[in-house]
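In: here's a sequence, model it:
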Amino acid sequence: MAVIKTVTFDCRDALVAARFWAGALGSSVDEDATSERAYVEAAGWGAPNMWFARVPEPKTAKNRMHFDLRAPGTIADEVARLVALGARVQAEYPDHVVLQDPEGNEFCVE
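Out: Okay, here's the model as predicted:
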């Protein structure tokens with residue numbers, strides 16, 4: 001049976017994206033990271049690692065897959081923390097908030 005080892009993101013600036021997700025998930029960016037490619041090791045055992053790779057084309061449509069993050073406290077507090085890291089609120093619902101990371105990738109906080 002396979003397991004997810006790494007989630008890879010195409011992006012304009014790998015270092016910007018990696019710094020956001022490392023901060024969001026309580027991890028750190030690999031010391032060899034550049035704007036071309038960056039690596040973030042999972043903060044918890046068993047979680048997938050994250051690769052970020054620069055690509056020439058921009059994001060043009062809604063993600064076909066996204067992360068749902070569980071807020072450790074209130075949704076509002078977690079959204080505020082993520083916005084301070086560089087996320088943007090896209091939509092708010094009673095039980096979750098849709099945000100975009102600095103590259104425009106959608107994700108939810110519930």
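
In: gap between the residue nearest the centre of the chain and residue 5?
Out: Taking C-alpha atoms, centre = their mean, the centroid of the chain lies closest to residue 21, which sits 4.1 Å from it. Residue 21 sits 16 Å away from residue 5, going by C-beta to C-beta, to the nearest Å. For glycine as for every other residue, the C-beta is placed from the backbone atoms N, C-alpha and C.

In: please apply the same query to residue 29.
Out: Taking C-beta to C-beta, one finds residue 29 at 18 Å from residue 5.

In: which one of the two is surrounded by more residues?
Out: Using other C-beta atoms under 10 Å, the more surrounded residue of residue 29 and residue 5 is residue 29, with 21 against 8.

In: could you list the domains of this protein?
Out: 1-58, 66-110 (automatic domain parsing).

In: if we can go back for a sec, you'd agree the residue nearest to the centre of the chain is up against residue 101?
Out: Yes: using C-beta atoms under 8 Å, residue 21 makes contact with residue 101 at a distance of 7.0 Å.

In: which stretches in this structure count as helices?
Out: 14-25, 75-85 (DSSP state H).

In: mind checking which of those helices is nearest residue 62?
Out: helix 14-25 (17.4 Å; C-beta to C-beta).

In: and the closest one, what does it pack against?
Out: strand 37-40, strand 49-54, helix 75-85 (3 or more C-beta pairs under 8 Å, 6 or more residues apart in numbering; DSSP states H and E).

In: and residue 102, how many neighbours?
Out: Residue 102: 17 neighbours (other C-beta under 10 Å).
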